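Q: Got a predicted model here, sequence first, then my questions.
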Amino acid sequence: MTRRLVVDLAAARPLWRIPDRAAAAIVSAAQGWDVIRVQGPADSDGDGGSGSPAAVAAARGAEVYLGFGVPSGVREASRGTLRWAHTATAGVAPSLGALRGQGVTVTNSAGVHAEPMADWVVAAVAHFARGFDYAVRAQAEARWAKDHFTDGSVVPVELKDLRMGIFGLGGIGAAVARRGLALGMRVAGVRRRPERGAPAGVAWVAGFEALERLAAESDVLVITTPRTPDTEHAVNARVLGRLPAGALVVNVSRGGILDEEALLAALGRGLRGAALDVFATEPLPPEHPLWGHPRVLLTPHVSAVTGGFWDRELALILDNLRRYLGGQPLTNVVDLEAGY
């Protein structure tokens, strides 16, 4: 019986849509397999959705599935035959519950997204540290605001003087840490498994129980940990209350990790600002107070967007396909119990 591999990566959004060259490379690497390239649009915005009818039909009898998350319809259609599912996203939590105990190995693309997301973090930190939020508002009003920057109202901060705390030192958090260190910042972090360490130069790394300590020692708190039951609303009023006056909060992971109401309250108490790429509800409702807050920088869940995505994503897929065909351990394997 011919083994089946499904390529469900025809994203509706052009930047995420698999190019022909990448699809051809996958077909070539899986020589002798029945490779089905789903042409219908795939949902790349979340973690899989329900799956298009074409994807569900293709998944019947499939051994390998490559998509954005693992859609519920695909999971059901391939039950009993699916052995490896790869997602071109970093987050996979909604896909995991139904896959536990099914003998399916899930891999994700967290490392693929790490570099552009870390760049976004640095840009966001610099935006507030150098007072660009004030400058943008003054520009919109055609107002020459030099006095505002020289009378003590705005005191730009040198990046090397900042202490950066990272909540989640996996692939994305490690990339953020390396950039912070390169800019002269003192960097510390917490992660679920601190024994896995951190990039050279990080001051200390500990488990999640040290999150409040991390906040107390951070001028910039960066959230890069996956959203799991252990991290849901982990950055709450208590944690935010431990941040020093004038601190920044940056979230590029998932919205549910950060308590948005507590964040708004902290901004009212003197938090310098917040840079947010992710939200508890997406799209963010137009009436939400975060939209109009003068010290909040918002982007619509695009911190991972880069023109270099498919070069890195294809390399990861081809390497893991080679490993799978050779019976070797895969990289980027998701812990189905931990949720990432």
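A: That came in fine, so what should we check first?
Q: My guess is Phe149 contacts Gly131. True?
A: Yes: counting by C-beta atoms under 8 Å, Phe149 does reach Gly131; the two are 6.3 Å apart. Placement of C-beta: from N, CA and C, glycine included.
Q: list residues touching both of these two?
A: Both Phe149 and Gly131 are contacted by Pro156, under the criterion C-beta atoms under 8 Å, 6 or more residues apart in numbering.
Q: ok, Arg179 to Ile166 distance?
A: Per C-beta to C-beta, to the nearest Å, Arg179 is found 11 Å from Ile166.
Q: And these two? Which one has more around it.
A: The residue with more neighbours, out of Arg179 and Ile166, is Ile166; 30 against 20, by other C-beta atoms under 10 Å.
Q: so where do the helices sit in the stretch 151-300 of the chain?
A: In the stretch 151-300 of the chain, the segments counted as helices under DSSP state H, counting those that start in this stretch are 171-182, 211-216, 237-240, 260-268.
Q: Oh, that last question was meant for the stretch 1-150 of the chain, not what I typed.
A: Using DSSP H, counting those that start in this stretch, helices in the stretch 1-150 of the chain cover 20-29, 53-59, 72-77, 93-96, 110-129, 132-140, 146-150.
Q: now for the third one, which elements pack on it?
A: It refers to helix 72-77. With contacts defined as 3 or more C-beta pairs under 8 Å, 6 or more residues apart in numbering; DSSP states H and E, helix 72-77 has these neighbours: helix 53-59.
Q: what's the answer for the last one, then?
A: Packed against helix 146-150 by the contact rule (3+ C-beta pairs under 8 Å, 6+ apart) you find helix 132-140.
Q: Could you report the neighbour count for Leu298?
A: For Leu298, the count of nearby residues is 15 (other C-beta under 10 Å).
Q: so how far is Trp310 from it?
A: Between Leu298 and Trp310 the computed distance is 27 Å (C-beta to C-beta).
Q: Of the helices of the stretch 151-300 of the chain, which stretch is the most buried?
A: Of all these, helix 171-182 carries the top mean neighbour count, a mean of 23, counting by mean count of other C-beta atoms under 10 Å.
Q: how much does that one deviate in direction from helix 110-129?
A: Between the axes of helix 171-182 and helix 110-129, defined by axes from the mean of the first three to the mean of the last three C-alpha atoms, to 10 degrees, the angle is 40 degrees.
Q: Next, the residues that contact helix 171-182 from outside, please.
A: For helix 171-182, contacts defined as C-beta under 8 Å, 6+ apart pick out 90, 110-111, 113-115, 117-119, 121-122, 162, 164, 166-167, 169, 187, 189, 191, 198-199, 201-202, 222, 224-225, 252-253.
Q: repeat that with 7 Å
A: Contacting residues not belonging to helix 171-182 are listed as 110-111, 113-115, 117-118, 121-122, 164, 166, 169, 187, 189, 198-199, 201-202, 222, 224 [C-beta atoms under 7 Å, 6 or more residues apart in numbering].
Q: per-residue confidence averaged over that helix?
A: Across helix 171-182, the average pLDDT comes to 97.
Q: CA-only coordinates of that helix, as CSV, when you get a sec.
A: Taking C-alpha atoms only, helix 171-182 is exported to CSV below (Å, rounded to 0.1, in the frame of the first residue of the first chain):
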residue,chain,number,x,y,z
GLY,A,171,13.8,29.0,20.8
ILE,A,172,12.2,32.4,20.6
GLY,A,173,13.2,33.5,24.1
ALA,A,174,16.8,32.4,23.5
ALA,A,175,16.9,34.5,20.3
VAL,A,176,15.6,37.5,22.2
ALA,A,177,18.2,36.9,25.0
ARG,A,178,21.1,36.8,22.5
ARG,A,179,20.0,40.2,21.1
GLY,A,180,19.6,41.7,24.5
LEU,A,181,23.1,40.5,25.5
ALA,A,182,24.6,41.8,22.3
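Q: returning to that earlier point: save the helices of the stretch 151-300 of the chain as TSV, and put in distance to Pro283 too.
A: Below are the helices of the stretch 151-300 of the chain laid out as TSV (distance: least, C-beta to C-beta, whole Å):
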stretch	distance to Pro283
helix 171-182	22
helix 211-216	29
helix 237-240	24
helix 260-268	14
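Q: in the chain, what spans have low per-residue confidence?
A: Within the chain, the stretches with pLDDT under 70 are 46-49, 93-95.
Q: What residues does the spatially most central residue of it make contact with?
A: Nearest to the mean C-alpha position of the chain, counting by C-alpha atoms, centre = their mean, stands Ser253 at 4.3 Å. Neighbour list for Ser253: Gly168, Ile223, Thr224, Thr225, Pro226, Arg227, Val278 [criterion: C-beta under 7 Å, 6+ apart].
Q: contacting residues around the nearest residue to the fourth one once chain neighbours are set aside?
A: On the basis of C-beta to C-beta, 6 or more residues apart in numbering, the spatially nearest residue to Thr225 that is not a chain neighbour turns out to be Gly168, at 2.8 Å. Contact criterion C-beta under 7 Å, 6+ apart gives Arg191, Ile223, Thr224, Thr225, Ser253 as the residues in contact with Gly168.
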